[in-house]
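>>> This is the structure alone, sequence omitted:
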């Protein structure tokens, strides 16, 4: 995808939420979605065009493997990225997020981590969620969430 | 590999100039950003860690295939 096409798909100034799948593709660099994830994060996010959040659930999910591998340097690298990369911040699972996550689960039977991450987006007033889960657009529609889901592979193919 | 060690003096307005040997050994450039850490219980140790301009591919080999990794993590929320 060209930079122009990417910028057309993501409105300037829109607060983005990155799903864990997007963060993993970015850190991996070896997945089909890695290049487009890098264009979003190193381009739009780093430049400040689109401030971005990740859920604390994502922090947990991403840190499991580095911890299991006993790699302190990998843990530190992930934490540095998630907590110090420009225009990127981690949002906690607050009471409001938990309440909204429960409503999403009640309507859609979505697994708890997905529901909590989507709830984080809505509670933080993010308007675009970026990930690689083809089930998310349907969940957002059924739950009536004010959120646009952009799938990395669809962006890459556009 | 031998550590590169040099001395720097804190000047007015908390300004600290990184010594040339450190800058050269680290390939540091103007505009580089750092995380500065200090444990109040051990105030003689100040850690300075560079924030990369990109983390793309920084953990290649750690998570692949990422879809299976993530599915594995999320499946642990399913009741047994």
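Alright, I've got the coordinates. As the structure is a prediction and not an experimental result, all values here were calculated from the model. Numbers count the residues shown, from 1 in each chain, chains lettered A, B, ... in the order given.

>>> Checking the residue of chain B found nearest chain A next. Helix, strand or coil?
Chain A sits closest to residue B:57 of chain B, with a gap of 2.3 Å, by CB to the nearest CB. No exception for glycine: its C-beta is placed from N, CA and C like everyone else's. Assigned with DSSP: H, G, I helix; E, B strand; the rest coil, residue B:57 falls in the coil class.

>>> Near it, how many other residues are there?
Close neighbours of residue B:57, defined as other CB atoms under 10 Å in any protein chain shown, add up to 16.

>>> Kindly report the same for residue A:31.
Neighbours around residue A:31, by other CB under 10 Å: 24.

>>> ditto for residue A:108
If we define neighbours as other CB under 10 Å, then residue A:108 has 19 of them.

>>> got the contact list for the spatially most central residue of chain B?
In chain B, the centroid-proximal residue (CA atoms, centre = their mean) is residue B:49; its distance is 4.1 Å. With contact set as CB atoms under 8 Å, 6 or more residues apart in numbering or on different chains, residue B:49 has these partners: A:76, A:80, B:34-37.

>>> repeat that for 7 Å
By CB atoms under 7 Å, 6 or more residues apart in numbering or on different chains, the contact list for residue B:49 reads A:80, B:34-35.

>>> Residue B:7 now?
Residue B:7 neighbours (CB under 7 Å, 6+ apart): residue B:19.

>>> And residue A:78, by the same measure?
A:62-63, A:66.

>>> mind checking pLDDT for the residue nearest to the centre of chain B?
For residue B:49, the pLDDT comes out at 90.

>>> follow-up on the earlier one: in strands only, show me the contacts of residue B:49.
B:34-35 (DSSP state E).

>>> What's the nearest residue in chain A when you look at chain B?
Nearest residue of chain A to chain B (CB to the nearest CB) works out as residue A:29 at 2.3 Å.

>>> that older thread, is it possible to export the contacts of residue B:49 to CSV including pLDDT?
Formatted as CSV, those follow (pLDDT from 0 to 100):
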residue, pLDDT
A:80, 95
B:34, 93
B:35, 92
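
>>> Tell me the buried residues within the contacts of residue B:49.
Among these, those scoring as buried are residue A:80 (criterion: 16 or more other CB atoms under 10 Å in any protein chain shown).

>>> what's the single longest helix in chain B?
helix B:66-75 (DSSP state H).

>>> hmm, that one in reach of chain A?
Yes: counting by CB under 7 Å from any CB of the partner chain, chain A has neighbours in helix B:66-75: B:66, B:69-70, B:73-74.

>>> Residues in contact with that helix: which ones?
Contact with helix B:66-75 is made by A:20-21, A:24-25, A:28, A:31, A:61, A:64-65, A:111, A:113, B:63, as judged by CB under 7 Å, 6+ apart.

>>> If we use 10 Å, what do you get?
Applying CB atoms under 10 Å, 6 or more residues apart in numbering or on different chains, the contact partners of helix B:66-75 are A:19-28, A:30-34, A:57-58, A:60-62, A:64-65, A:111-114, A:131-133, B:62-63, B:65.
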